[in-house]
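Chemist: Provide a 3D model corresponding to the input given below.
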Amino acid sequence: MKIIPVKRDGTVSTKLGVAVVTLLVALGVTASASDASPSQMQSQNTPQSSKPRKWYQVGEASWYGKYFQGKKTANGEEFDMNKLTCAHRSLPLNTWIKVTNLKNRRSIFVRVNDRGPMPEDRIVDLSYAAAKALHITGLGKVKLETLRPNDSDMMRQLIAQVRMPILADTGTGM
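Modeler: As a prediction, the model looks like this:
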(Lines give C-alpha, C1' and ligand atoms only; values in the text may rest on other atoms or scores of the structure.)
Protein backbone atom coordinates (compact mmCIF):
# COMPACT_ATOMS: atom_id res chain seq x y z
CA MET A 1 0.00 0.00 0.00
CA LYS A 2 1.40 3.40 -0.98
CA ILE A 3 0.87 6.09 1.61
CA ILE A 4 2.74 8.84 -0.25
CA PRO A 5 2.55 8.87 -4.05
CA VAL A 6 6.01 8.58 -5.62
CA LYS A 7 6.96 10.18 -8.95
CA ARG A 8 8.40 8.05 -11.75
CA ASP A 9 11.94 9.13 -10.83
CA GLY A 10 11.44 7.81 -7.28
CA THR A 11 11.05 11.21 -5.60
CA VAL A 12 8.13 12.52 -3.59
CA SER A 13 6.46 15.89 -4.12
CA THR A 14 7.78 18.09 -1.29
CA LYS A 15 4.43 19.78 -0.65
CA LEU A 16 2.54 16.49 -0.60
CA GLY A 17 5.18 14.78 1.51
CA VAL A 18 5.18 17.59 4.08
CA ALA A 19 1.38 17.57 4.21
CA VAL A 20 1.19 13.81 4.75
CA VAL A 21 3.98 13.76 7.33
CA THR A 22 2.39 16.69 9.20
CA LEU A 23 -0.93 14.87 9.26
CA LEU A 24 0.64 11.62 10.44
CA VAL A 25 2.58 13.41 13.17
CA ALA A 26 -0.56 15.27 14.27
CA LEU A 27 -2.37 11.95 14.51
CA GLY A 28 0.56 10.31 16.32
CA VAL A 29 1.01 7.60 13.70
CA THR A 30 4.75 7.91 13.15
CA ALA A 31 7.65 5.67 14.00
CA SER A 32 11.27 6.66 14.45
CA ALA A 33 14.35 4.86 13.20
CA SER A 34 14.98 3.63 16.74
CA ASP A 35 11.59 1.89 16.95
CA ALA A 36 11.85 -1.86 16.69
CA SER A 37 10.22 -3.73 13.87
CA PRO A 38 7.72 -6.43 14.87
CA SER A 39 10.39 -9.12 14.31
CA GLN A 40 12.81 -7.28 16.63
CA MET A 41 10.34 -6.92 19.50
CA GLN A 42 11.23 -9.15 22.44
CA SER A 43 7.74 -9.46 23.88
CA GLN A 44 4.37 -7.77 23.98
CA ASN A 45 4.99 -6.85 27.64
CA THR A 46 8.10 -4.76 26.94
CA PRO A 47 7.50 -1.33 28.52
CA GLN A 48 7.23 1.46 25.98
CA SER A 49 8.90 4.83 26.43
CA SER A 50 6.79 6.93 28.77
CA LYS A 51 7.97 10.16 27.13
CA PRO A 52 5.40 11.51 24.69
CA ARG A 53 6.77 12.66 21.37
CA LYS A 54 6.85 16.38 20.86
CA TRP A 55 5.17 17.63 17.69
CA TYR A 56 6.40 20.88 16.21
CA GLN A 57 6.44 22.65 12.88
CA VAL A 58 8.61 25.54 11.67
CA GLY A 59 7.71 27.83 8.79
CA GLU A 60 6.14 31.07 7.64
CA ALA A 61 3.12 32.59 9.34
CA SER A 62 0.76 35.23 8.02
CA TRP A 63 -2.28 36.85 9.61
CA TYR A 64 -5.81 37.77 8.65
CA GLY A 65 -8.15 40.42 10.00
CA LYS A 66 -10.92 42.81 8.94
CA TYR A 67 -11.78 41.21 5.61
CA PHE A 68 -12.74 37.94 7.34
CA GLN A 69 -14.29 39.53 10.46
CA GLY A 70 -17.62 37.86 11.27
CA LYS A 71 -17.34 35.17 8.58
CA LYS A 72 -17.81 31.52 9.52
CA THR A 73 -14.70 29.53 10.38
CA ALA A 74 -14.24 25.81 9.73
CA ASN A 75 -15.51 24.88 13.20
CA GLY A 76 -18.70 26.93 12.70
CA GLU A 77 -17.95 29.94 14.91
CA GLU A 78 -17.68 33.50 13.62
CA PHE A 79 -14.14 34.72 13.06
CA ASP A 80 -13.11 37.42 15.52
CA MET A 81 -9.83 39.07 14.61
CA ASN A 82 -9.38 40.15 18.24
CA LYS A 83 -9.33 36.60 19.64
CA LEU A 84 -6.27 34.37 19.84
CA THR A 85 -7.10 31.91 17.07
CA CYS A 86 -5.51 30.60 13.88
CA ALA A 87 -6.04 28.59 10.72
CA HIS A 88 -4.01 25.40 10.20
CA ARG A 89 -4.42 22.90 7.38
CA SER A 90 -4.19 19.63 9.32
CA LEU A 91 -4.24 20.03 13.11
CA PRO A 92 -7.57 19.04 14.68
CA LEU A 93 -9.99 21.93 15.14
CA ASN A 94 -9.99 23.42 18.66
CA THR A 95 -6.40 22.23 19.29
CA TRP A 96 -4.36 24.66 21.38
CA ILE A 97 -0.92 25.40 19.96
CA LYS A 98 1.98 27.50 21.15
CA VAL A 99 3.27 29.84 18.44
CA THR A 100 6.76 31.31 18.88
CA ASN A 101 8.07 34.14 16.70
CA LEU A 102 11.62 32.94 15.94
CA LYS A 103 12.85 36.48 15.31
CA ASN A 104 12.05 37.89 18.77
CA ARG A 105 11.20 34.70 20.77
CA ARG A 106 7.74 35.98 21.77
CA SER A 107 5.22 33.17 22.31
CA ILE A 108 1.46 32.97 22.49
CA PHE A 109 -1.11 30.16 22.71
CA VAL A 110 -3.79 30.13 20.03
CA ARG A 111 -6.70 27.83 19.25
CA VAL A 112 -7.10 26.28 15.79
CA ASN A 113 -10.59 27.19 14.57
CA ASP A 114 -10.16 27.43 10.80
CA ARG A 115 -8.54 25.77 7.79
CA GLY A 116 -7.73 28.75 5.63
CA PRO A 117 -7.54 29.81 2.86
CA MET A 118 -3.86 30.58 3.03
CA PRO A 119 -1.01 30.36 0.54
CA GLU A 120 0.70 26.95 0.31
CA ASP A 121 4.04 28.31 1.54
CA ARG A 122 2.52 29.25 4.94
CA ILE A 123 2.06 26.83 7.84
CA VAL A 124 -0.36 28.96 9.85
CA ASP A 125 -2.64 31.96 9.43
CA LEU A 126 -2.91 33.88 12.71
CA SER A 127 -5.69 36.18 13.84
CA TYR A 128 -4.83 39.88 14.00
CA ALA A 129 -4.61 39.72 17.83
CA ALA A 130 -2.20 36.75 17.75
CA ALA A 131 0.02 38.39 15.13
CA LYS A 132 0.05 41.63 17.10
CA ALA A 133 1.01 39.82 20.32
CA LEU A 134 3.91 38.17 18.47
CA HIS A 135 4.90 41.46 16.76
CA ILE A 136 4.37 40.00 13.29
CA THR A 137 3.39 42.78 10.90
CA GLY A 138 3.45 40.87 7.62
CA LEU A 139 5.05 37.45 7.44
CA GLY A 140 7.07 35.90 10.22
CA LYS A 141 9.04 32.71 10.78
CA VAL A 142 7.41 30.79 13.61
CA LYS A 143 7.58 27.51 15.48
CA LEU A 144 4.32 25.72 16.29
CA GLU A 145 4.03 23.26 19.18
CA THR A 146 0.90 21.42 20.25
CA LEU A 147 -0.20 21.72 23.86
CA ARG A 148 1.01 18.65 25.71
CA PRO A 149 -1.21 17.82 28.72
CA ASN A 150 1.69 16.20 30.62
CA ASP A 151 3.97 19.22 30.16
CA SER A 152 3.40 21.19 33.37
CA ASP A 153 5.54 24.14 32.22
CA MET A 154 3.49 24.55 29.04
CA MET A 155 0.25 24.27 31.03
CA ARG A 156 1.43 26.97 33.45
CA GLN A 157 2.21 29.26 30.50
CA LEU A 158 -1.27 28.74 29.04
CA ILE A 159 -2.95 29.35 32.41
CA ALA A 160 -0.92 32.54 32.87
CA GLN A 161 -2.04 33.71 29.42
CA VAL A 162 -5.69 32.97 30.22
CA ARG A 163 -5.42 34.93 33.47
CA MET A 164 -3.74 37.87 31.74
CA PRO A 165 -5.34 37.97 28.27
CA ILE A 166 -3.56 39.85 25.52
CA LEU A 167 -5.71 42.81 24.50
CA ALA A 168 -5.33 43.98 20.93
CA ASP A 169 -6.42 47.49 20.13
CA THR A 170 -8.90 47.73 17.30
CA GLY A 171 -7.04 50.54 15.54
CA THR A 172 -6.32 50.35 11.85
CA GLY A 173 -2.56 49.84 11.98
CA MET A 174 -0.37 47.37 13.69
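Chemist: all the strands of this protein, residue numbers only.
Modeler: For the chain, strands defined by DSSP state E occupy the ranges 56-64, 85-87, 96-101, 107-114, 122-127, 140-146.
Chemist: next, count neighbours for the nearest residue to G65 once chain neighbours are set aside.
Modeler: The shortest distance from G65 to any residue other than its chain neighbours is 3.8 Å, reached at Y128 (Cβ to Cβ, 6 or more residues apart in numbering). Every residue, glycine included, has its C-beta placed from N, CA and C. Residues lying near Y128 (other Cβ atoms under 10 Å) number 21.
Chemist: wait, doesn't Y128 sit right on Y64?
Modeler: Yes: contact between Y128 and Y64 holds when scored by Cβ atoms under 8 Å: they sit 7.3 Å apart.
Chemist: pull up the overlap in contacts between the two.
Modeler: When contacts are counted by Cβ atoms under 8 Å, 6 or more residues apart in numbering, the set common to Y128 and Y64 consists of M81.
Chemist: contacts for stretch 90-101, please.
Modeler: With contacts defined as Cβ under 8 Å, 6+ apart, stretch 90-101 is touched by 19, 22-23, 26, 61, 74-75, 86, 88, 106-113, 124, 126, 130, 134-136, 140-147, 154, 157-158.
Chemist: circling back to that earlier point, now the strands of the chain in TSV, with mean neighbour count?
Modeler: Formatted as TSV, the entries for the strands of the chain read as follows, by neighbours: other Cβ atoms under 10 Å:
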stretch	mean neighbour count
strand 56-64	18
strand 85-87	25
strand 96-101	20
strand 107-114	22
strand 122-127	24
strand 140-146	20
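Chemist: make a markdown table from those and add mean pLDDT and distance to F79 to it.
Modeler: Output for the strands of the chain, formatted as a markdown table (pLDDT from 0 to 100; distance: least, Cβ to Cβ, whole Å):
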| stretch | mean pLDDT | distance to F79 |
| --- | --- | --- |
| strand 56-64 | 94 | 8 |
| strand 85-87 | 95 | 7 |
| strand 96-101 | 95 | 17 |
| strand 107-114 | 94 | 7 |
| strand 122-127 | 95 | 8 |
| strand 140-146 | 95 | 19 |
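Chemist: perfect, I'm done here.
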